[in-house]
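1. could you look at this predicted model? Sequence included:
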Amino acid sequence: MARTQAQLDNLKKGAATQFKSGDEAAKRAGRKGGKASQAKMRRQRSMNEMFKLMAKMPVKDGEVFDPDAAGSIQELSGQNMTAGETMGAQLFLKAMKGDARAAALVYPVLAEETADGETDRQKALGIAWQKYWMDIAPAFSDIAGDVFRHKHTHYTGKGGRGSTKSSFVSLCGVMIVMQNEDVHGLVLRKVANTLRDSVLAQYEWAVNELGVAEYWSVKKSPPEMTFKPTGQKILFRGADDPGKIKSVKVPFGYIAFTHFEELDQFAGREETRNVLQSTMRGGEIYWNFETFNPPITNTNWANKDVEEERADRLVFSSTYLDVPREWLGEQFIDEAEHLKDVNERAYQHEYLGIPVGTGGNVFENLELREITDEEVSHFDRIYQGQDFGWYPDPAAFIRLHYDSNREVIYFIDEIYVNKTPNQDLVDMIKERGYDRHTITCDSAEPKSIADFRACGLDAKKAIKGPDSVSYGMKWLQKRKIVIDKRRTPNAYREFTEYEYERDRDGNVISGYPDANNHLIDATRYALERVFGKYRSIG
């Protein structure tokens, strides 16, 4: 993405000052270690000077220098570097990339030299950078490095209670505003009346933790925070009034960071997209954060959405186990461990952020993982099934391998299309070389089966019979089913989301829902000749 020179300069300044500090305790920590010899002191001064020189180096395209690139280290001093200097350069690079331990060694050195005439913004930023690395859980160090090097635009954080994901994002949001002079932030929740006691309080906590509360003012109605040295703002809005989102205005610059808190409470991706279409204007560099505790069911849109891959998004997970115990307190830990002992399922959902389902999942025997080409090359018992459809129901074709010795089903490939004539389906099957195996088809479509046969496919109708659905489903439930989402994304969705229906009191209704089960049906047809022989003998 192209960036203006001013924005690159802002990133450059932020990177060069992110470890700057006026904390005298930090200075003393950097000088600990006993009385040094004069030679050692000279080497230390040399290393300190080199750190300060590196801090002033330009940042190219948002990236710090690469010491592995030819000549880049040597340019620091104009001559070949010693092994010790090279180690120092590597340490500095680690600090720049977000390594908290490396930062703790580097920033006391940079703190020794505070420029005269430093602006309030620069003072606040120096204080905040020093505190920042101590305020985030160690598990977030790499993600922080990714954020401030702008490796991605979208960051989605999911996790259970006490995972500090929202705290991490609020700290990032404050730092982004302070580091870039022409940008503002927008924090959203689904309902406006929840803002003051949730996200506004969270961002007030952030500026206090960073030690810069005196540089920020807070307004309760409408809720907003202002960085006093520059007039930059962080606005807080509810998405229950789309008109107010579209009318959001900032006094200068543009909205560079957005944060959707409790993502799952929004109506869906379309709603968040509409917001971003209004805010991602007039600038070059953007950060969009989303945080949520995964709902219990896999069918929730947010749980499904994080499974979708996109190159400009980083999805990260955290739990209370990633956070220092002293941050949460022993009582929090005791409550979590007690729930683990008495209700493992609830513990996994509430504290580990796992969408465990409501207990109504039809298929509990799924193994969701990559199926390699090497594995597929050894599959020798191929079965194929076809469920016919047009619109809105799709035509669904499945190709699978069944290992009868271990009773394991492996999905190899699928075809899942709407409004597709039978001739086109035949062409797709032939193009993939799948016309050399029998296809067991839904017997309710004799004409479509005849079309397949007329085109040269070995298409046979499913026998079905009394209780065939119930028997076939129970047979599948007793086998392990291996699904690779990349190979069969629609089979992945159907099998993971398929749940028993419930009555108004929440009780499970017997039988299997006849909805969103097209590849499930195709799988039953494909394997009918396997389980049918067992059924025939009782």
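-> Noted; the coordinates are in hand. No experiment lies behind these values; they were computed from the predicted model shown.
2. switch to C-alpha atoms for all contacts and neighbour counts from now on
-> Will do.
3. and Glu367, backbone torsions?
-> Note on Glu367: its backbone torsions stand at phi -120, psi 110 [degrees, to the nearest 10].
4. my guess is it contacts Lys480, does it?
-> Yes: when contacts are counted by C-alpha atoms under 8 Å, Glu367 is listed as touching Lys480 (7.0 Å).
5. higher neighbour count, those two?
-> For Glu367 versus Lys480, the count of surrounding residues by other C-alpha atoms under 10 Å is larger for Lys480: 18 against 14.
6. next one: the more buried one from Glu407, what distance?
-> For Lys480, the distance to Glu407 equals 7 Å [C-alpha to C-alpha, to the nearest Å].
7. what's the first helix or strand after the helix or strand harbouring Lys447?
-> Here Lys447 is covered by helix 446-454, with elements defined by DSSP states H and E. Heading C-terminal from helix 446-454, the first helix or strand you meet, by DSSP H and E, is strand 459-461.
8. strands of the stretch 401-538 of the chain, start to end?
-> Read by DSSP state E, counting those that start in this stretch, the stretch 401-538 of the chain holds these strands, from start to end of the chain: 408-417, 439-441, 459-461, 480-483.
9. Asp505 is nearest to which of these?
-> Set against Asp505 and scored by C-alpha to C-alpha, the strands of the stretch 401-538 of the chain come closest in strand 480-483, at 31.4 Å.
10. what is the rounded mean pLDDT of the closest one?
-> Over the span of strand 480-483, the pLDDT mean works out to 96.
11. for it, what is the distance to the chain centroid?
-> Averaged C-alpha coordinates place strand 480-483 at 25 Å from its chain's average position (C-alpha atoms, centre = their mean, to the nearest Å).
12. before we move on, what about stretch 207-217?
-> 29 Å.
13. do stretch 210-227 as well
-> Averaging C-alpha positions (C-alpha atoms, centre = their mean) puts stretch 210-227 29 Å from its chain's average.
14. do the same with stretch 231-241
-> 23 Å.
15. any buried residues in it, and which?
-> Within stretch 231-241, the residues that qualify as buried by neighbour count (16 or more other C-alpha atoms under 10 Å) are 231-240.
16. as CSV, those with secondary structure would be great.
-> Written out in CSV, the entries for the buried residues of stretch 231-241 read as follows (DSSP: H, G, I helix; E, B strand; the rest coil):
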residue, secondary structure
Gly231, coil
Gln232, strand
Lys233, strand
Ile234, strand
Leu235, strand
Phe236, strand
Arg237, strand
Gly238, strand
Ala239, coil
Asp240, coil
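17. what's around Asp413, how many residues?
-> For Asp413, the tally of surrounding residues (other C-alpha under 10 Å) stands at 18.
18. ditto for His259
-> Residues near His259, counting by other C-alpha under 10 Å: 25.
19. secondary structure element for Ala396?
-> Under DSSP H and E, the secondary-structure element containing Ala396 is strand 395-403.
20. buried residues in that strand?
-> Taking 16+ other C-alpha under 10 Å as the criterion, strand 395-403 shows 395-402 as buried.
21. distance of Lys447 from Lys131?
-> Using C-alpha to C-alpha, Lys447 is found at 72 Å from Lys131.
22. so which of the two has more stuff around it?
-> Lys131 (18 against 11).
23. so the more buried one: helix, strand or coil?
-> helix.
24. next: Gln384.
-> When the structure is split into helix, strand and coil by three-state DSSP, Gln384 lands in strand.
25. all further residue positions should be reported with the first residue as 675.
-> New numbering, starting at 675: the last item is Gln1058.
26. quick one: mean pLDDT over stretch 932-949.
-> According to the model, stretch 932-949 has a mean pLDDT of 93.
27. off-centre distance for that stretch?
-> With C-alpha atoms, centre = their mean as the basis, the mean position of stretch 932-949 lies at 14 Å from the chain mean.
28. over to stretch 1158-1167?
-> Put simply, stretch 1158-1167 sits 19 Å off its chain's centre (C-alpha atoms, centre = their mean).
29. how's this structure carved up into domains?
-> The chain breaks down into these structural domains: 679-789, 810-1016, 1040-1210 (assignment by automatic domain parsing).
30. with distance to Glu1024 as extra columns, can I get these in CSV?
-> Below are the domains of the chain laid out as CSV (distance: least, C-alpha to C-alpha, whole Å):
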stretch, distance to Glu1024
domain 679-789, 29
domain 810-1016, 5
domain 1040-1210, 20
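31. wait, His1192 touches Trp1064, no?
-> No: here His1192 lies out of contact with Trp1064, judged by C-alpha under 8 Å, at a distance of 11.6 Å.
32. quick one, phi/psi of Thr793?
-> Dihedral pair for Thr793: phi -70, psi 160, per degrees, to the nearest 10.
33. I meant to write Lys1093 there.
-> Residue torsions, per degrees, to the nearest 10, at Lys1093 are phi 50, psi 50.
34. for it, give me its contacts.
-> The contact partners of Lys1093, taken as C-alpha atoms under 8 Å, 6 or more residues apart in numbering, are 1064-1065, 1068.
35. let's see that with 7 Å instead.
-> Contact analysis of Lys1093 by C-alpha atoms under 7 Å, 6 or more residues apart in numbering lists 1064-1065.
36. equivalent analysis for Lys832, please.
-> Listed by C-alpha under 7 Å, 6+ apart, the contact set of Lys832 reads 965-968, 990-992.
37. pull out the buried residues from the helix holding Lys1121.
-> Of the residues in helix 1120-1128, those buried under the neighbour-count criterion (16+ other C-alpha under 10 Å) are 1122-1124, 1126.
38. ranges for the helices of the stretch 825-974 of the chain?
-> 839-853, 873-883, 916-920, 943-953 (DSSP state H, counting those that start in this stretch).
39. can you name every helix or strand that the longest one contacts?
-> In other words, helix 839-853. Other helices and strands packing on helix 839-853, by 3 or more C-alpha pairs under 7 Å, 6 or more residues apart in numbering; DSSP states H and E, are strand 857-863, helix 873-883.
40. what bits of this protein have low per-residue confidence?
-> Where the chain drops to pLDDT under 70, the residues are 675-759, 770-772, 774-775, 778-791, 916, 1032-1033, 1207-1212.
41. how far away is the residue most central in space within it from His824?
-> To find the centre residue of the chain, average its C-alpha atoms and take the closest one (C-alpha atoms, centre = their mean): that gives Val989, at 1.2 Å. In this view, Val989 and His824 are 14 Å apart by C-alpha to C-alpha.
42. likewise for Gly1206?
-> Looking at Gly1206 against His824, where the rule is C-alpha to C-alpha, the gap reads 57 Å.
43. buried set for stretch 990-998?
-> The neighbour-count check on stretch 990-998 (16+ other C-alpha under 10 Å) flags 991-994, 997 as buried.
44. so what sits opposite Ser891 in the bridge?
-> According to DSSP bridges, the partner residues bridging Ser891 are Thr900.
45. how about the nearest residue to Ser1117, chain neighbours excluded?
-> Excluding its sequence neighbours, the residue lying closest to Ser1117 (C-alpha to C-alpha, 6 or more residues apart in numbering) is Lys1135, at 4.7 Å.
46. how about the contacts made by the one you found?
-> Residues touching Lys1135, when contacts are defined by C-alpha under 7 Å, 6+ apart, comprise 1114-1117.
47. any chance of those in JSON lines, plus neighbour count and distance to Tyr829?
-> What follows is the contacts of Lys1135, written out as JSON lines (neighbours: other C-alpha atoms under 10 Å; distance: C-alpha to C-alpha, whole Å):
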{"residue": "Thr1114", "neighbour count": "27", "distance to Tyr829": "44"}
{"residue": "Cys1115", "neighbour count": "27", "distance to Tyr829": "44"}
{"residue": "Asp1116", "neighbour count": "23", "distance to Tyr829": "44"}
{"residue": "Ser1117", "neighbour count": "18", "distance to Tyr829": "47"}
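48. nearest to Gln939, of those residues?
-> Sorting these by distance to Gln939 puts Asp1116 at the head of the list, at 39.4 Å, by C-alpha to C-alpha.
49. single out the most deeply packed of the helices and strands packed on helix 839-853.
-> The highest average neighbour count among the helices and strands packed on helix 839-853, using mean count of other C-alpha atoms under 10 Å, belongs to strand 857-863 at a mean of 24.
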